[in-house]
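Chemist: Provide a 3D model corresponding to the input given below.
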Amino acid sequence: MQTETSFFWLVIVAAFGALLSFVNIVVMLLTMRAVRQYTEEAGKMSQTLAKQSEQRAYQSDLPNKIYDAALRQTEELVRLRRLSVLPVLAARLQPDQSGNPVHHLYLKNIGPGIAINVEIARIDFTSSPDNGSAPGTGVADRALEGKNGFSVFHPIQSLSQNVEQAVKSFNHLDPDRVGEVIRQYGYTGLDFLSLINESTPLRIDFQDIEGNRYHQVITRKGATFVSGTVKLVDDTDM
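Modeler: Down below sits the predicted model:
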């Protein structure tokens, strides 16, 4: 009887131990499950917070991006508008039709816009036998050989698209030489314009109809004039 009682208690203790083990296993599984769920939720929350942070950063930077895009668009519109009214000048020399051995300078606006207040800078000359003057102006060349002079040009108020206009110029030599020129050649005109070459380009300033200021250099190469790029003159360049 005592043996059966001991065996009974051993069975009870073993069953209780097994129950505790089972309970521990269940608790551990539940704990692991809870930890996994917490980890997943924490990961989702971290991703959500990261997305929200990115969205806030994008939203905070969005006004700057909108401003930059608007600024670029405005600058492009201004550039296109300026090109649509941009004057471009070309030049040529033509002998005097009345028979005087002088040349006249003509400017033509080959751009899409009207040129306003066209001014050609004064040109200073130092004449020499091989200064590259135009052929057929030997009389004027001999009158000017070895002499210094300059030409000034009358401004042109406006020059429309595809319109060509003669530029009034005034050529100056040493006063004591003017009388000699008149006595020898019978005319008062001095053909300094025929002496224009690569070292004496035409430097022209003008405006468009919107008041933008431009500068252009036109250079003579042989018998032709080459128009340089029209450059916008900024207020800081004045």
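
Chemist: list the contacts of Leu83.
Modeler: By C-beta atoms under 8 Å, 6 or more residues apart in numbering, the residues touching Leu83 are Pro112. Where you see a C-beta, it was placed from the backbone N, CA and C, and this is true even at glycine.

Chemist: which residues are in contact with the top strand by length along the chain?
Modeler: In the chain, with assignment by DSSP state E, the single longest strand is strand 213-221. With contact meaning C-beta under 8 Å, 6+ apart, strand 213-221 is reached by 86-91, 93, 196-198, 200-208, 225-233, 238.

Chemist: of those residues, buried ones?
Modeler: Neighbour-count burial (16 or more other C-beta atoms under 10 Å) applied to those gives 86-91, 93, 196-197, 200-204, 206-208, 225, 227-228, 230.

Chemist: mean confidence for the helix or strand hosting Ala50?
Modeler: Using DSSP states H and E, Ala50 falls within helix 2-84. Mean per-residue pLDDT for helix 2-84: 70.

Chemist: that helix: what's the following helix or strand?
Modeler: Using DSSP H and E, the next helix or strand after helix 2-84 towards the C-terminus is strand 89-95.

Chemist: buried set for the helix or strand that comes right after that next one?
Modeler: Next helix or strand after strand 89-95 toward the C-terminus (DSSP H and E): strand 103-109. The neighbour-count check on strand 103-109 (16+ other C-beta under 10 Å) flags His103, His104, Leu105, Leu107, Lys108, Asn109 as buried.

Chemist: switch those over to JSON lines; also include pLDDT and distance to His215.
Modeler: Below are those laid out as JSON lines (pLDDT from 0 to 100; distance: C-beta to C-beta, whole Å):
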{"residue": "His103", "pLDDT": "87", "distance to His215": "24"}
{"residue": "His104", "pLDDT": "89", "distance to His215": "24"}
{"residue": "Leu105", "pLDDT": "93", "distance to His215": "18"}
{"residue": "Leu107", "pLDDT": "97", "distance to His215": "15"}
{"residue": "Lys108", "pLDDT": "96", "distance to His215": "18"}
{"residue": "Asn109", "pLDDT": "96", "distance to His215": "15"}
